[in-house]
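J.: Here is a sequence with its predicted model. Questions after.
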Amino acid sequence: MFNEFKKFAMRGNVVDLAVGFILGGAFSTIVKSFVDDILMPPLGLLLGGVDFTNLYVSLDGVRYDSLAAAQEAGAATLNYGLFINAIISFLLLAFALFLLIKGMNRMTDKKKDDTPEQPPAKPRNEELLEEIRDLLKARN
């Protein structure tokens, strides 16, 4: 059973999937940092100094100074600002993957265009029949 698992785990597709999964996790942290640290502060400034990470609704009805204060008090909150950040992160990640896949498709399409297509080889029996036909025509 161990040998079967080893054979399965070392197949090319599984290793590629594992590498893609690890790189995807690292890439998602980069996108999250980009959204949280680079994109959202200017966007919040343009919207009148809004800090999206502090946008929440306290479900117990008490007003807290910040989300951190509400969480320290143990209040149940709806963190819609964090949700907006997550949506923007997802959209940026999806767009980046779209561009990556589009670029890869363009490269593979270019490779296909560079190699001239050769017609499929005829089966040997058809070639022999054509030779026989040509010999019969030449005889007549």
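T.: Great, that's in hand. On a predicted model such as this, the values are computed, not experimentally measured, just so you know.
J.: What separation do you get for the residue positioned nearest the centre of the chain and L59?
T.: Residue closest to the average C-alpha location in the chain (C-alpha atoms, centre = their mean): L97, at 4.0 Å. Between L97 and L59 the computed distance is 35 Å (C-beta to C-beta, to the nearest Å). Placement of C-beta: from N, CA and C, glycine included.
J.: Is the residue nearest to the centre of the chain in a helix, a strand, or coil?
T.: Using DSSP: H, G, I helix; E, B strand; the rest coil, the structure places L97 in helix.
J.: before we move on, what about V62?
T.: V62 ends up coil, using three-state DSSP.
J.: pLDDT at the nearest residue in space to it that is not next to it in sequence, what is it?
T.: Excluding the flanking residues, the one nearest V62 by C-beta to C-beta, 6 or more residues apart in numbering is A75, at 6.4 Å. As predicted, A75 sits at a pLDDT of 91.
J.: Please confirm that A75 is located within a helix.
T.: No. Checked against three-state DSSP, A75 lies outside a helix; its state is coil.
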